[in-house]
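Chemist: Sequence first, predicted model second:
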Amino acid sequence: MTTRDGHRTDALAADLQSDPVRVLLVADRPEVGDRAATAIETHADRFAVTTAADAAEGLSVIDSGEVDCVVSGYDLPGMDGVEFLRTVRDRVGDLPFLLFTAHGSEAVASEAIAAGVDEYLPVGGGTDGSADPAPLDTSDLEHADGPYATLASRIARAVSRSHTERRVTEHLDRMTDAFCGIDESWRLTYLNERAAELVERDAEDLLGDRIWDRFRALRGTEVESQFRDAMASGEPTTFEFHFPGPDLDLAIDAYPSDTGLSVYFRDVTEERERERELQELSERFRLAVEGADVGVWDWDIRSGEVRFDERWAGMLGYDRSEIAFELSEWEERVHPDDLEETWAALEEHFSEETAYYQCDHRMEAKSGDWKWIRDRGRVVERTDDGEPVRAVGIHIDVTEEKERERDLERYRRIVDELPNSVALYDADRRFAVVNDRLTRVYETTREELIGRPSPLLQQLREDRDDDPFAELVAGEREALSGTVELDIPERSDAIIDFSLRRLAINGEFDGVISITRDVTVERRRQRELERTSARLEALYEDSPDMIDIHDEAGEIVDANPVMAAELGYDREEIVGMDVWDIDAELDQSEGVDLWQSIEMGETRRTETTFRRADDTTFPVEVQVRRVDVQGEDRFLATSRDISERKAYERRIERENERLDEFASIVSHDLRNPLNVLSGYLRLARETGDESYFDRCGTALDEMERLIEDVLTLARQGDTVGSVDPVPLAELATRHANDVLGSIDGSESGGDGSAGAIEVVVETEGEVLADPGRTKRLLQNLFRNVAEHGGDRVVVGDLPDGFYIEDDGPGVPEDRREEVFESGHTTSESGTGFGLAIVERIAEAHGWDVTLTEGDDGGARFEFTGVDRP
């Protein structure tokens, strides 16, 4: 017999040469037993002999399990050797048994062989039992043909054969492959358990029968042809065969020997089925790749070489010649944000955590655009340790799919964020798709709601005699809308506005889209507002004040006719406007904070400025009260025009300022000349020097001039009443000719008054002004020039006014605001009221006056905002 790898089974017994052999010797005569034991142990050191006096004692030794071979005589006490053999076979089975007896015969030999004896050996060499054994001599033990030496040799052969067959049998039974032995007559001599399982037969039933008789379906097949060729040629053969009996695909190896065939066969049905499926799948894959825009990659993981096909390169806008067969060609084009996730998916597959590698990632095309790629692949080759060696896969451009997914996600988000409830019903009135708002309305999850009947559709069915939903499903109508009262978890008897529309895709019915809105609060609020508006309307019509109602967000929900008229809007225009569209001083966030701080029923008063439709403004007093209108916060604002009051307050304020100013002048500025006068009078009395009286006169003149300026300052601050066209050139010329004189009508003299300066007129236009006050304005400015050492004054035009510029020392920039203050002067002869009077006259006309630097370094007074005829 030969094993599958070509080694003979005899080699399996090679290791037995060193194993100890335990021999049980049961002799029928003592002298035979002694000689046999001596001969056996002399033959080989590995033989250890145990003797027994009879069969019963021998069976006890055998039962202990310490026996490799039994040598027995025939004529034993109690039972003969053949009976002893049968008993041993019943208990142990294949234990080697040799019958060595001096009382043998052909009949005994025949009986022993029938009982399964391994060796029958007569002591004396005859078979009739008549010869007695010769005395034991050393030469008998050493002589190769002596009966005892023959016995020892037969024991060694029997034990070796038994061990070898046992080990071969154990080896064959442990094999995962099926095995059978066939002799030269084509009889089955052995089948292991796997073989019997595959052919679905009992091994004991098959042994000894010709294979062609028991498996007639094999006749004339490749199996018979291959077996006969192997037997005839002596050469092993390997082939595959579909065994029709159990419907198996078998891989068969047959090894011929001198005694027949050793046949190994393996069930490869599943492998062949997988191969066929793989081949079919590969063919389908090939056809799919050829018919689709799919790129293929093949990666040698050890070397890092990756082969990309033309479609792979073309998918990114490249020719294949532009792509090197390197892993970096792929890695460098993967989006940096996707690379880590992609490698993680690869590592999971490499470590066999996943059956396939799959990942969607972005890759940069030659144009610089990013494309979404669906990357799929698997390891097709690994080392014995499981390390990946080769992987193959495909790239699919799914950019458009990702765009559609984003669009769908965008639409889903939009639908979920809608304040209305949105659903898609199937033909059986059940929820098929719902948005988040609807799940909140029913206080449940999307999964729980889908598949449930719609309460809205059930209510519609109960409220109507017809079935409009069935008409939508059938295509008899396209849309349906209305209002219904419905019990929902949020509230009972809710008022719901609904709109239903039939949805068809590619001409086929796909469902009914429903958009619903809970309008309970809105409808009830609307009815209450209608009642409130009716009550307020009567008050609005007769109220002299402006009244409006706005919500907590600042939107005006109602306004009375007076407000519309005062602001220059139609009443419909005001409703819907925000409060800050009218209130010029109100900031949106500040307004909301103010309203939220007002308690219910509390009234707040404030003053602000309203802006009319023509963009003019006027001051108002506003009283805001927070009121509850059917559970909703509203703010009732009553506004009143306070322009006259503000004007009166400003007049009072100005008068108070003047009184303060006069008190300051009287208490301070008049005290100085009075002190001078008092001092000079005292000196005149004491000394009798009349020159002191002249100085007293000068002090009186100063007091008179000061009083005159104070009175003028008080008068010039009044608002100008009527105005007339005033020719600036004529006034300036008259003053230049020294005709204008002083403000009280006296002639100017040589005391440094305005008559001593040159006036240059560069204007010919007229201004709308009070002539008297304008004359006083020019006189004070000319006098200011004379008092500060100026010789020349220029009167000229400005685009919206005029200017007066001198050649005096000018005023430093940091002191120009001070010159208009009452009592401020840098001249020894000035009172400090001249320029204050100029500013008051300008303000009375509504002009702005600014002091700057002239071209020659002097002072330049510019008057703007001047009206012309």
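Modeler: Looks like it arrived, so ask away.

Chemist: can you pull out the strands in the stretch 401-550 of the chain?
Modeler: Ranges of strands within the stretch 401-550 of the chain are 421-425, 431-434, 479-488, 491-505, 508-518, 546-551, based on DSSP state E, counting those that start in this stretch.

Chemist: hmm, who's touching the third one?
Modeler: Counting contacts by C-beta atoms under 8 Å, 6 or more residues apart in numbering, the residues outside strand 479-488 that touch it are 441-442, 455-456, 459-460, 463, 468-469, 472, 493-502, 518-519. For glycine as for every other residue, the C-beta is placed from the backbone atoms N, C-alpha and C.

Chemist: List the pairing partners of it within its sheet, with orientation.
Modeler: strand 491-505 (antiparallel) (DSSP bridges).

Chemist: what's the offset of the partner strand from the middle of its chain?
Modeler: Per C-alpha atoms, centre = their mean, to the nearest Å, the displacement of strand 491-505 from the mean C-alpha position of its chain is 33 Å.

Chemist: care to break the chain down by domain?
Modeler: Domain assignment of the chain by automatic domain parsing yields the ranges 9-169, 176-271, 292-399, 418-518, 523-639, 642-716, 718-864.

Chemist: Out of these, which is closest to residue 277?
Modeler: domain 176-271 (10.2 Å; C-beta to C-beta).

Chemist: tell me the average confidence for the closest one?
Modeler: If you average the pLDDT over domain 176-271, you get 88.

Chemist: And for stretch 59-70?
Modeler: For stretch 59-70, the mean confidence score works out to 88.

Chemist: Endpoints of it, how far apart?
Modeler: In stretch 59-70, first residue to last residue: 10 Å (C-alpha to C-alpha, to the nearest Å).

Chemist: quick one: contacts of that stretch?
Modeler: 21-24, 26, 50, 52, 58, 84, 87-88, 91-92, 95-98, 155, 158-159, 162-163.

Chemist: Now, these that are in strands?
Modeler: Among those, the ones falling in strands (DSSP state E) are 21, 22, 23, 24, 26, 50, 97, 98.

Chemist: The second one: neighbouring residues, count only.
Modeler: Same thing as residue 22. Burial of residue 22 is recorded as 17 neighbouring residues (other C-beta atoms under 10 Å).

Chemist: ok, the closest residue to it other than its chain neighbours - how many residues close by?
Modeler: Using C-beta to C-beta, 6 or more residues apart in numbering and skipping the chain neighbours, the partner closest in space to residue 22 is residue 68 (4.7 Å). Using other C-beta under 10 Å, residue 68 has 19 neighbouring residues.

Chemist: what residues are up against residue 568?
Modeler: Counting by C-beta under 8 Å, 6+ apart, residue 568 has contacts 612, 613, 614.

Chemist: Tell me the one among the residues you listed nearest to residue 191.
Modeler: residue 613 (112.2 Å).

Chemist: give the contact list for the closest one.
Modeler: 567, 568, 569.

Chemist: Could you report the pLDDT at the first one?
Modeler: In this model, residue 567 is scored at 92, pLDDT.

Chemist: Just give me the closest of the contacts of residue 568 to residue 523.
Modeler: Looking across these and measuring by C-beta to C-beta, the closest to residue 523 is residue 613, at 33.6 Å.

Chemist: Stretch 564-583: which residues count as buried?
Modeler: Residues of stretch 564-583 classed as buried by neighbour count (16 or more other C-beta atoms under 10 Å): 564, 566, 567, 569, 574, 575, 577, 579, 580, 581, 582, 583.

Chemist: okay, now the nearest residue to residue 857 once chain neighbours are set aside: neighbour count?
Modeler: Leaving aside its sequence neighbours, residue 857 sits nearest to residue 810 (C-beta to C-beta, 6+ apart; 5.2 Å). Burial of residue 810 is recorded as 19 neighbouring residues (other C-beta under 10 Å).

Chemist: quick one on the thing from earlier: distance to residue 406 added to the domains of the chain, as a markdown table?
Modeler: Formatted as a markdown table, the domains of the chain follow (distance: least, C-beta to C-beta, whole Å):
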| stretch | distance to residue 406 |
| --- | --- |
| domain 9-169 | 70 |
| domain 176-271 | 44 |
| domain 292-399 | 10 |
| domain 418-518 | 18 |
| domain 523-639 | 34 |
| domain 642-716 | 59 |
| domain 718-864 | 61 |
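
Chemist: re earlier: selecting buried members of the ones in strands among the contacts of stretch 59-70 in PyMOL, what would you type?
Modeler: Restricted to buried positions by 16+ other C-beta under 10 Å, the PyMOL selection for the ones in strands among the contacts of stretch 59-70 reads:
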select buried, resi 21+22+23+24+26+97+98
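
Chemist: where among the domains of the chain is the average confidence lowest?
Modeler: domain 642-716 (a mean of 70).

Chemist: Which strand or helix spans residue 62?
Modeler: In this structure, residue 62 sits in helix 55-63 according to DSSP states H and E.

Chemist: okay, the angle between that helix and strand 21-26?
Modeler: 160 degrees (axes from the mean of the first three to the mean of the last three C-alpha atoms, to 10 degrees).

Chemist: mind listing what the helix or strand just after helix 55-63 pairs with, with the direction of each?
Modeler: Counting by DSSP H and E, the next helix or strand C-terminal to helix 55-63 is strand 69-72. As defined by DSSP bridges, the strand partners of strand 69-72 come to strand 21-26 (parallel), strand 97-101 (parallel).

Chemist: Using TSV, lay out those strands together with distance to residue 269.
Modeler: Shown next, in TSV, are the strands paired with strand 69-72 (distance: least, C-beta to C-beta, whole Å):
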stretch	distance to residue 269
strand 21-26	46
strand 97-101	44
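
Chemist: Go through the ones you listed and name the closest to residue 113.
Modeler: Nearest of those (C-beta to C-beta): strand 97-101, 9.3 Å.

Chemist: can I have that closest one written out in PDB, keeping just the CAs?
Modeler: The C-alpha trace of strand 97-101 is given here as PDB (Å, rounded to 0.1, in the frame of the first residue of the first chain):
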ATOM      1  CA  PHE A  97      -1.800 -14.500  18.100                       C
ATOM      2  CA  LEU A  98       0.700 -17.300  17.300                       C
ATOM      3  CA  LEU A  99      -0.100 -21.000  17.900                       C
ATOM      4  CA  PHE A 100       3.200 -22.900  18.700                       C
ATOM      5  CA  THR A 101       2.500 -26.500  19.600                       C
END
